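Asker: take this sequence and fold it.
(chains A and B)
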Amino acid sequence: MRVRAGKVLLCVTTLCCLAFVSLARAEDNPVIPPDEFVYCTVCHGVQMKGNPSIEAPRLSGMDTYYIERQLRSFGNGWRGTHENDTAGMEMRPMAAILSDEQIAAAARYVNAVSSEPPPATVEGDAKRGATLYAPCAACHGPKAEGVEALGGPPLAGLNDWYLVTQLANFIDGTRGSHPDDSYGQQMRAAAGVLADDAAIRDVVSYINTLQRR
Amino acid sequence: MRKELTRRHFLSLVGAAGGSTAILQTSLALGLLPETGPLALADLAPVGHAKKSVLVLGAGVSGLAVAYELERKGFDCTIIEASGRIGGRNLTLRSGDKVDEMGYAQVCEFDDEPHLYFNAGPARIPGHHKLVLHYCREFRIPLETYVNDNRNAYTHDDQAFDGKPVRIREYVTDARGFMSELLYKAVDRNLFDQPLSADDKERMLAFATTYGDLKDMGRYSGSDRAGYESGGFVEHGELKQMHQFTELLKSDFWRYRMHFTEGEDQAMPVMQPVGGMDNIVRAFVRNIRSPIHTNAQVQAIQLRPNGVDVVYNHKGERKKISGDWCFNCIPHHLLAGIYNNFSKAYRETLAAMERGHLLKIGLQMNQRFWERDGIYGGISWTSQPIEQIWYPTHGIHAEKGVMLGAYTFREEHGRFFERMTPEERIRSAIVQGEKIHADYGSYVDCGVSVPWARMNHMMGCNSRWSPDLRDSKFKLMQKPDGRHYIMGDQISYHSGWQEGAFASAHYAMADMNERILAESSGAMAKG
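Answerer: This is a model prediction of the structure:
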């Protein structure tokens, strides 16, 4: 019940205050992207707040190590090459042109920006999701805050629709199938415990309840 | 019991037999086609001393039209454009132009010649697009006829004619001949559920005979409309061989391509500005005094009871500007990435609209080989992902020409090219073009591809409304949210057309005008 109440409260807060709070934030603490990274915000939105219309996830404040790793994964074809991964294919050329220095700078920019927590859009059984999440905590942390030492990125703060898409991609091999992508393969195996779409929605609903950044 | 043959039923019979050309001709004869409507130009009142400020978000053609119209009525306008270029999807590429594709910045390598340009966005202006033509007239932009339809061009389908290209002239002539023969037989044998009068029957048989060029009591046995295999001038002409009816059916050409130019927007004649479609953009820029800030990316749009605040980044600074009114042509799919306090219904509709994946490829050819093949302008159609090849109307008999090497209407074809590098796209377009023109690749100097769903600050063309969404939400989006209007071709029934953009802009301006007049008369009444 506490979980549900929390979610309801979050939704209400989001609905009532989203525009005004976020406008204030955008104005109060802006990080103006360097010219070379303005294009990141065309799809990922102002302050990298995410844009579901274009399937670009919220990345505000993500850890630099993880952003760097993913930019490299796109660049070397571990991500964004599978024929079903249309959004990943859109991303890939943007990452592929970046030098090591630019990758580091892009990650610093992404890490520096902030935006309000994303709204909850996925409905599932968060209580069941909590049970399903238990093994995930080893790599992603008990509050889905990420465990850098194990390479597990934070999940709290990502768009829930993006988590659903990526879990489905791991499960069907759209992501994590490249033989050199050991993190991806590891995650593919881990995602296999989620039996069906309902399980994905449940675990994502649980992640929605965890502390956001 | 016996009903009269109604005009609608008659037209459906004619359509079944002769396609939409026959319907169109017959409809014209029967006086069934409406006149095109009056010019939907907003009649705006000057604001006089009560100067009002207007924020225009996006320097596409709708934004430019709003600034042009409103500044002349005394409004104080500011245009804020995210990209470094003015014109939106009105894009003409010439020698040295940058193509700002995400991850694949290209430079157009065409030779520097006036006729070597490529309209990568809008390229055709039909005669009923009155607002576009109004501005062309107002700005004295020279126009020329653009050939959009050519019976000498080819239709190609991997599933028909052994994959060989066939002149559209042959296909259309044979298709009309066969269909007319069927119509003739049906009329002749009284196969309809209502009998025709003797007079109607006689006229309909004559119609079928003329429409299909039938001989020998209603038989189609080929026609000189298909062209001659040889001779025809100083020697006896040998007619081309008829194609098999079943081959015609196997080709998908009849599904819509054969009738493409029957629609009002595509029917000949259409026009283009001499020297490039962006002459329209240039003319607006020459005639607009309001500031146009480029490289100014909108961060937040906040609707207030009496105006709109906009936050944008410009030259490394975050700036805020306030206006009494705001006209916004930012692509609908990018608005969710910008902070805003639009109504829930507005935001939900924006989320439900989909972005299209139109793509064009331009190829500079070192010889105008198509002209030696008797093709002067028009379109060849193929079942392959390039879908179409356009032959330029301008620069006839010059040494070189820029032709359109692909224009993808189908989303899967757009995505087919999107996932390639620019170089791969050109190579693929050449391989596909070889099936229509021998040695096609040997003529290619260079090429440029414009996948609109990957273009920086655009990420889509055109806007897709499902029929349900259109029915339930179009009117909502047409209406302002507070003092903020979303506009552009995306808020029209002509997405992907400049006329849709202008019409939407004028609709929004007329709405604002009414509200201002109502407000001022209300104020006067109070006073």
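
Asker: report all helices and strands that the longest helix seen in chain B contacts.
Answerer: Taking DSSP state H as the criterion, chain B has its longest helix at helix B:498-526. In terms of contacts (3 or more Cβ pairs under 8 Å, 6 or more residues apart in numbering or on different chains; DSSP states H and E), helix B:498-526 is packed against helix B:61-71, helix B:130-138, strand B:325-328, helix B:467-478, strand B:484-486. C-beta: built from backbone N, CA, C; applies to glycine.

Asker: next structured bit after the lowest-mean-pLDDT helix or strand in chain A?
Answerer: Counting by mean pLDDT, DSSP states H and E, chain A has its least confident helix or strand at helix A:2-28, which shows a mean of 42. Following helix A:2-28 in sequence order, the next helix or strand is helix A:38-44 (DSSP states H and E).

Asker: okay if I get the helices and strands packed on helix B:498-526 as TSV plus mean neighbour count?
Answerer: Shown next, in TSV, are the helices and strands packed on helix B:498-526 (neighbours: other Cβ atoms under 10 Å in any protein chain shown):
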stretch	mean neighbour count
helix B:61-71	27
helix B:130-138	18
strand B:325-328	28
helix B:467-478	14
strand B:484-486	26
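
Asker: distance to residue B:498 and mean pLDDT added to those, as JSON lines?
Answerer: Shown next, in JSON lines, are the helices and strands packed on helix B:498-526 (distance: least, Cβ to Cβ, whole Å; pLDDT from 0 to 100):
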{"stretch": "helix B:61-71", "distance to residue B:498": "5", "mean pLDDT": "98"}
{"stretch": "helix B:130-138", "distance to residue B:498": "5", "mean pLDDT": "98"}
{"stretch": "strand B:325-328", "distance to residue B:498": "16", "mean pLDDT": "98"}
{"stretch": "helix B:467-478", "distance to residue B:498": "18", "mean pLDDT": "97"}
{"stretch": "strand B:484-486", "distance to residue B:498": "17", "mean pLDDT": "98"}
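
Asker: mean confidence score for the longest helix of chain B?
Answerer: The average of the pLDDT scores along helix B:498-526 is 90.

Asker: and stretch B:200-215, by the same measure?
Answerer: 95.

Asker: which residues of chain B lie near chain A?
Answerer: Residues of chain B lying close to chain A (Cβ under 8 Å from any Cβ of the partner chain) are B:82, B:102-104, B:295, B:297, B:299-300, B:302, B:311, B:313, B:316-318, B:320, B:332-342, B:344, B:350-351, B:353, B:355, B:415, B:418-419, B:421, B:453-454, B:456-457, B:459.

Asker: ok, of those, which come out buried?
Answerer: Among those, those classed as buried by 16 or more other Cβ atoms under 10 Å in any protein chain shown are B:82, B:102-104, B:295, B:297, B:299-300, B:302, B:311, B:313, B:332-342, B:350, B:353, B:355, B:415, B:418-419, B:453-454, B:456-457, B:459.

Asker: from those residues, which land in helices?
Answerer: Judged by DSSP H, these include B:332-335, B:350, B:415, B:418 as members of helices.

Asker: now, among those residues, which is nearest to residue B:377?
Answerer: Residue B:377 has its nearest neighbour among these in residue B:418, at 28.3 Å by Cβ to Cβ.

Asker: narrow the residues of chain B next to chain A to those in strands?
Answerer: Using DSSP state E, the members of the residues of chain B next to chain A that fall in strands are B:297, B:299-300, B:302, B:311, B:313, B:317-318, B:320, B:339-340, B:355.

Asker: biggest separation within the residues you listed, which pair?
Answerer: Most distant of these, by Cβ to Cβ, are B:317 and B:355, 30.1 Å apart.

Asker: low-confidence ranges, chain A, go.
Answerer: Within chain A, the stretches with pLDDT under 70 are A:1-29, A:211-213.

Asker: 90 - rerun?
Answerer: Low-confidence segments of chain A (pLDDT under 90): A:1-31, A:35-36, A:211-213.

Asker: which ones are touching the closest residue to chain A within the stretch 351-500 of chain B?
Answerer: Residue of the stretch 351-500 of chain B nearest chain A, by Cβ to the nearest Cβ: residue B:419 (5.0 Å). Neighbouring residues of residue B:419 by Cβ atoms under 8 Å, 6 or more residues apart in numbering or on different chains: residue A:89.

Asker: pLDDT wise, what is it at?
Answerer: pLDDT, the model's per-residue confidence, is 94 for residue B:419.

Asker: right, and the helices and strands packed on helix B:498-526 - which one's nearest residue B:163?
Answerer: Nearest of the helices and strands packed on helix B:498-526 (Cβ to Cβ): helix B:467-478, 35.7 Å.

Asker: starting at the chain centroid, how far to the closest one?
Answerer: On the basis of Cα atoms, centre = their mean, to the nearest Å, helix B:467-478 sits 21 Å off its chain's mean C-alpha point.

Asker: elements contacting it?
Answerer: With contacts defined as 3+ Cβ pairs under 8 Å, 6+ apart, helix B:467-478 has these neighbours: helix B:344-352, helix B:498-526.
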